[in-house]
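# Take a look and give me a structure for this.
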Amino acid sequence: MSVFPQYVRAAQELWNKHKNSSNATVVVTSESSEVLRNQAAFAATNPLGFPSRFVTNHYDITQNTGYFKNTNFSADEAALSAISSLKAQLMTDVSLGNCCSNFHLLLKDLLAVGCGASSHNVFQCLQ
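Numbers count the residues shown, from 1 in each chain. Prediction:
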């Protein structure tokens with residue numbers, strides 16, 4: 001069973017609380033190919049009716065692990081995946097992250113000190 005609808009519900013609540021506008025662009029990046037498959041299936045039906053457009057990183061290598069050493073991807077592919085995901089994530093106004101992830105904690109810190117495109121970013125941990 002997919003947890004993606006729970007992610008979208010959390011994003012919808014955060015968006016409505018802090019932005020309160022009718023349409024949202026949802027940036028989805030993940031190292032999990034399952035999350036991206038679930039996102040595509042969700043977007044096709046949008047059972048929650050959240051007025052949103054999903055944007056994914058087509059450079060995401062979805063290695064399904066945080067350990068690059070255990071993958072079949074080149075260093076260039078891994079760097080492009082990480083940097084393009086970071087660039088997309090720094091463009092947001094509101095962000096949800098897995099705060100068990102060191103990458104998401106780094107993103108949270110970068111956004112908190114104003115390194116993102118938005119003058120004020122709201123970051124919410126999913127835990």
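
# from the chain's centre, how far out does the host helix or strand of residue 124 sit?
Using DSSP states H and E, residue 124 sits in strand 122-125. Counting by C-alpha atoms, centre = their mean, to the nearest Å, strand 122-125 is centred 12 Å from the centre of its parent chain.

# For it, buried residues please.
Neighbour-count burial for strand 122-125, with 16 or more other C-beta atoms under 10 Å as criterion, is recorded at 122, 123, 124. All C-beta atoms are positioned from the backbone trio N, CA, C, and that covers glycine.

# Out of those, which comes closest to residue 78?
residue 123 (24.6 Å; C-beta to C-beta).

# Look up how far residue 18 lies from residue 106.
In this view, residue 106 and residue 18 are 22 Å apart by C-beta to C-beta, to the nearest Å.

# Residue 34 too?
28 Å.

# Please apply the same query to residue 113.
Counting by C-beta to C-beta - residue 113 and residue 18 are separated by 19 Å.

# Look at those two and report which has more neighbours.
Taking other C-beta atoms under 10 Å, residue 113 and residue 18 do not tie; residue 18 has more neighbours (14 against 7).

# For the more buried one, which non-adjacent residue is spatially closest?
residue 122 (4.8 Å; C-beta to C-beta, 6 or more residues apart in numbering).

# Can you read off the pLDDT for that neighbour?
Residue 122 carries a pLDDT value of 91.

# Next up, the contacts around it.
Shown in contact with residue 122 (C-beta atoms under 8 Å, 6 or more residues apart in numbering): 14, 18, 93, 94, 95.

# ok, of those, which come out buried?
14, 93, 94, 95.

# which residues does the last one form a beta bridge with?
Note on residue 95: beta-bridge partners residue 123, judged by DSSP bridges.

# where along the chain do the strands fall?
Shown for the chain, the strands assigned by DSSP state E span residues 24-28, 52-56, 94-97, 122-125.

# in the chain, which ranges drop under the pLDDT threshold?
Scanning the chain for pLDDT under 70 picks out 1, 20, 22, 63, 65-71.

# switch the cut-off to 80
For the chain, the stretches with pLDDT under 80 are 1, 19-23, 31, 47-51, 62-72, 127.

# Tell me where it has helices.
Remark: helices of the chain, listed N- to C-terminal, are 4-18, 33-45, 75-89, 102-112; assignment by DSSP state H.
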